[in-house]
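1. got a sequence here, can you build the structure:
(chains A, B, C and D)
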Number of protein chains: 2
Amino acid sequence: MIDAPSVELPRDFDGLRALILSRRDTLPKRIAQVAAYALDNPDEIAFGTAASIAVSSGVQPSTLIRFSQHLGFDGFTSLQGVFRERLRERNSSYEERLSTLRAEIQNGADNHRILEGFLTASSKSLDAMARTLDQATLDRAIETLAEAETIYILARRRSYPVASYVAYALGKLKVRNQLVESAAGLSPEIVSFATPRDVVLTISFSPYAPDTIEDARALSERGVPVVAITDSAFSPLVQFAKVWFEVAEADFGGFRTLASTMALAMALTVGVGDARHARSGQKPR
Amino acid sequence: MIDAPSVELPRDFDGLRALILSRRDTLPKRIAQVAAYALDNPDEIAFGTAASIAVSSGVQPSTLIRFSQHLGFDGFTSLQGVFRERLRERNSSYEERLSTLRAEIQNGADNHRILEGFLTASSKSLDAMARTLDQATLDRAIETLAEAETIYILARRRSYPVASYVAYALGKLKVRNQLVESAAGLSPEIVSFATPRDVVLTISFSPYAPDTIEDARALSERGVPVVAITDSAFSPLVQFAKVWFEVAEADFGGFRTLASTMALAMALTVGVGDARHARSGQKPR
DNA sequence: CCTTCGATGAAATAATAATTCCATATTTTA
DNA sequence: TAAAATATGGAATTATTATTTCATCGAAGG
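-> As a prediction, the model looks like this:
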C-alpha cells in the first residue's frame, strides 16, 4: 500500500503542479513520465480515459492509478477532477471569476490573486470590446485622423499612459502629432496653434479631468475635429466630438484596466499609419 | 427510428448552437428542455455523465440520447465530444486566429481586423502571463518595493506608458515615487538622490533604451535594489536586477501589445499599496 | 552473489456509464 | 372522438472504464 502524503491534497491545478514539481526527483521513472505528460497535456488528462492517456503517455493504465495515489488521491478519477476543474474555472464567466478573486483577497491579500484579478479584468474588457465596438465608427475615426495635418493628443491622469503610447507609436510611423502634456498650463499655447485641418484625439474617463475637457472644448470651438475615447454616452466629450468611442473597462480592486483602450489606441494608430501610406501611394504595411 | 437531419453534423460548438436554435420550435418538450439546459450549461455537458446531466436538467438519461440523436449524432458520447472540443479550442487558438487576421490584412487593410488583431494579441499575452508568471517572484518584487522609501520608476519609449501609469497609481495610493522622465538628461540629477533605502522599478524591452539601462546600472552600483520587467533572460537588466520578470507580449502588425505588462504593473502597484497599509497597521484594502 | 523491496506490465474484476427496449402517456390528425 | 403516431419514463442490457491483483523485473543493500 502506498503512503498518503503528509501534506493535504491540492484542490486546484496550481497546487497540484506545485506538488508534482516538488516531488519531481523522488518519483519512480514511469510515474515521473506520467507526471511530465500530465503537466504538458493537462487537457488530455481532463478528458481522456485512463486507457487513452496510458497509450499517449506510453505507460500502462495502472500506472495512472499509481501516479494518482502517489500524490495522495484515492484514484485516477479524483485526480482527473482537478484537471477538469481547471478547465471549468477558466471558462466560468469573468464576472464570477472576479468575484471569487475579490472574495479570496478579502481574507489577506495574496499577490498572485491580485495579478490574476487584473489579468481577468483585462481579458473581460478585451472581450467586451470585441463584441461591442462598431466597425463604422472605427472607420470614420481612422479616416478623420488620417486627414489631419497634426494630430493633437489630449489626455490626463489615468488616460495619459494611453496618450503617451499613441504619441510614441505615431512618431515611429512618421505621423505628425503633438502630445498635450503639462498640468502646468502650457497647453493653452499649444492649443492655439491648432487649425481646422488638424484633428484632436482625446481620451478621458469618469471622473473626467477638467483640463482635458476644456482643452477639447476650446479646440472644438475653433473648428478642430475631435475624436474621443470615453466611457459613457453622457461623457462631456460626446457633446462636441465628431466621432466617439464608448469603452467599458472592467476594474479590479478599484483600479480600472486599460487593456481595451490600449488595444483601440493601437488599432487607431496603425490604421492611421496604413491609411497615410495608402494615400501617399505606398503599399500598405 | 429517427431521421438524420439533412444538414451535416456541426463539428464545432458555434455550429451546434446555431443548429439547436434553428430547431428550437420543432423540438419535443423534454428534448427542448435538454437543449436549453445544454446551451446554458455547456460545461456540465462537457464534464457530466448522461445520468448526472439527466438529474440536473430534470429528464431521464434516455432523453439525453434522444436529444443527441435528434441532432444527428449517433449517441450522447459524440455530442459530448463537441462540448469538450469547445473547452479545448479556447485554450490554444490564439496563434491560429492571429495568422488568419494577418493574412486577411494582407489583402487591403480592414480597420476592424486590425483592432481584432490587437485584441487577440492582448488576450494571448494575458493568457501567457497567467500561465507562466511565478508567484514567488511576484511576492519578492512586491516585498522589495514595499520597503522602499522612494520608488524610482525608469522606462523610456514603448515602456514609458506603463511607467507613467505606475507613477500615477502609486501617487493615488500615497506611495512616494519618482518618475524618471526626460530623454534630455535631467535624470543624472534625480538619480543622484537615490539611496540604498530606495528601490528602482525599471521596465525595458528589446531593443533596450540605452538611457534606461545606464540609469538602472548606475543606481544599482550605488546599492539601490532594482526590480525589472523585461522580455528575456538575456536582457541587460537581468545582470543587476534583484528581482526580474520575464514578460512575453504578443505582437500584431509589428507592434507588441502592453496588456500583460500593464496588468503586472497594476498588480505590483496595488500589491505595494496593500503591503504598505498592512505594515502601517491599517487593515488591508 | 544473493536477498529484499519497490516498480512495472498485463490481465482479471468490479464499478460505472451509455444505450436499448418496452410499456405507458401524450399529442396529432382524420 | 377514435386511431395513429410520437414522446416519455423506467428498467434491463450492453459497453466502457477504473481499479485490483498478481507475476515478473530490476535496483539497492548486505
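
2. so where's the stretch 151-285 of chain A shaky on pLDDT?
-> A:182-188, A:279-285 (pLDDT under 70).

3. got the contact list for the closest residue to A:Asp231 other than its chain neighbours?
-> Closest residue to A:Asp231 apart from its sequence neighbours, by Cβ to Cβ, 6 or more residues apart in numbering or on different chains: A:Phe205 at 4.5 Å. In short, each C-beta sits where N, CA and C put it, glycine included. Contacts were defined as Cβ atoms under 8 Å, 6 or more residues apart in numbering or on different chains; by that measure A:Phe205 touches A:158-159, A:230-231, A:235, A:247, A:249, A:256.

4. same question for the strand or helix carrying A:Val166: list its buried residues.
-> Assigning secondary structure by DSSP states H and E places A:Val166 in helix A:160-172. Neighbour-count burial for helix A:160-172 flags A:160-170 (criterion: 16 or more other Cβ atoms under 10 Å in any protein chain shown).

5. tell me what it is packed against?
-> For helix A:160-172, the contact count by 3 or more Cβ pairs under 8 Å, 6 or more residues apart in numbering or on different chains; DSSP states H and E identifies strand A:151-154, strand A:177-180, strand A:199-203, helix A:259-279, helix B:160-172 as packing neighbours.

6. before we move on, back to that, if I look at the residue nearest to A:Asp231, how far off is chain B?
-> Here A:Phe205 is placed at a distance of 13 Å from chain B (Cβ to the nearest Cβ, to the nearest Å).

7. same question for A:Glu149.
-> Distance, A:Glu149 to chain B, by Cβ to the nearest Cβ: 21 Å.

8. and A:Leu21, by the same measure?
-> A:Leu21 sits 11 Å away from chain B when distances are taken as Cβ to the nearest Cβ.

9. and that residue, that's in a helix?
-> Yes - secondary structure of A:Leu21 (DSSP: H, G, I helix; E, B strand; the rest coil): part of a helix.

10. next, the contact list for it, please.
-> Taking Cβ under 8 Å, 6+ apart as the definition of contact, A:Leu21 has no neighbours.

11. so what pLDDT did it get?
-> As predicted, A:Leu21 sits at a pLDDT of 82.

12. what's the answer for A:Glu89, then?
-> Reported pLDDT at A:Glu89 in the predicted model: 73.

13. same thing with the one 3 residues further on?
-> In the prediction, the pLDDT value recorded for A:Ser92 is 66.

14. the closest residue to A:Ser206 other than its chain neighbours and A:Ile151, how far apart?
-> The shortest distance from A:Ser206 to any residue other than its chain neighbours is 5.8 Å, reached at A:Asp231 (Cβ to Cβ, 6+ apart). When Cβ to Cβ, to the nearest Å is the yardstick, A:Asp231 and A:Ile151 sit 21 Å from each other.

15. looking at the two, which is more packed in?
-> A:Ile151 (24 against 20; other Cβ atoms under 10 Å in any protein chain shown).

16. surely that one meets A:Arg176?
-> Yes - A:Ile151 is within contact range of A:Arg176, at 7.1 Å (criterion: Cβ atoms under 8 Å).

17. hey, what's in contact with both of these two?
-> When contacts are counted by Cβ under 8 Å, 6+ apart, A:Ile151 and A:Arg176 are jointly contacted by A:Leu170.

18. check contacts around A:Tyr165.
-> When contacts are counted by Cβ under 8 Å, 6+ apart, A:Tyr165 is found next to A:262, A:265-266, B:158, B:160-161, B:258.
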